[in-house]
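K.L.:
Mind looking at a prediction? Sequence and model below.
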Amino acid sequence: MKIKFAIIGSGNTAHRHAKAILSLKNAELIAVFSRTKERSESFAQTYNIKSYTDYNELLKNKDINAVDIVTVNNLHSELGILAAKSGKHV
């Protein structure tokens with residue numbers, strides 16, 4: 001079984017994490033979240049994944065098992081708690 005990931009954030013670090021996830025045989029990158037539509041869509045096109053600009057909508061996606069949070073540090077706890085409460089691994 002593959003762990004299906006969403007990356008939260010779309011900056012330079014997100015690209016490094018995406019490449020790392022893609023290199024794992026038991027992982028699959030399926031979604032990205034960014035508050036900026038253009039950035040989210042551009043990142044999603046690069047990796048052929050689903051784009052989200054609404055974090056709560058992403059968390060409703062039952063296909064996502066885990067989130068990789070690569071936003072600015074002060075958002076990590078808030079986003080992580082929401083993800084955990086939604087049943088996602090963080």
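P.N.:
Looks like it came in fine.
K.L.:
how near is Glu78 to Ile7?
P.N.:
17 Å (CB to CB, to the nearest Å). In short, each C-beta sits where N, CA and C put it, glycine included.
K.L.:
pLDDT score for the residue of the chain most remote from its centre?
P.N.:
In the chain, Met1 marks the outermost C-alpha relative to the chain mean, sitting 18.7 Å out by CA atoms, centre = their mean. Each residue has a pLDDT score; the one for Met1 is 87.
K.L.:
Counting neighbours, what do you get for Asn56?
P.N.:
Counted with other CB atoms under 10 Å, the burial measure for Asn56 works out to 10 neighbours.
K.L.:
doesn't Lys31 fall inside a strand?
P.N.:
Residue 31: Ala, not Lys. Yes. Assessed by DSSP: H, G, I helix; E, B strand; the rest coil, Ala31 belongs to a strand.
K.L.:
Which one's more surrounded, Glu78 and Ile7?
P.N.:
The neighbour comparison of Glu78 against Ile7 (other CB under 10 Å) goes to Ile7, with 26 against 12.
K.L.:
Just to check, the more buried one is in contact with Asp68?
P.N.:
Yes. Using CB atoms under 8 Å, Ile7 and Asp68 qualify as a contacting pair, with a distance of 5.0 Å.
K.L.:
hey, what's in contact with both of these two?
P.N.:
Between them, Ile7 and Asp68 share these contacting residues under CB atoms under 8 Å, 6 or more residues apart in numbering: 17, 21.
K.L.:
any idea how far His17 lies from Asn61?
P.N.:
When distance is defined by CB to CB, His17 is 18 Å away from Asn61.
K.L.:
between these two, which one's more packed in?
P.N.:
Counting neighbours by other CB under 10 Å for His17 and for Asn61 shows that His17 has the greater number, 18 against 15.
K.L.:
so what's that one scoring on pLDDT?
P.N.:
According to the model's per-residue confidence, His17 sits at a pLDDT of 98.
K.L.:
what about Lys4, which helix or strand?
P.N.:
Secondary-structure assignment from DSSP states H and E places Lys4 in strand 3-8.
K.L.:
Show me what whichever helix or strand comes after that strand is packed against.
P.N.:
Scanning the chain past strand 3-8 towards its C-terminal end, the next helix or strand to appear is helix 12-22 (assignment: DSSP H and E). If you count contacts as 3 or more CB pairs under 8 Å, 6 or more residues apart in numbering; DSSP states H and E, helix 12-22 packs onto strand 3-8, strand 27-33, helix 37-47.
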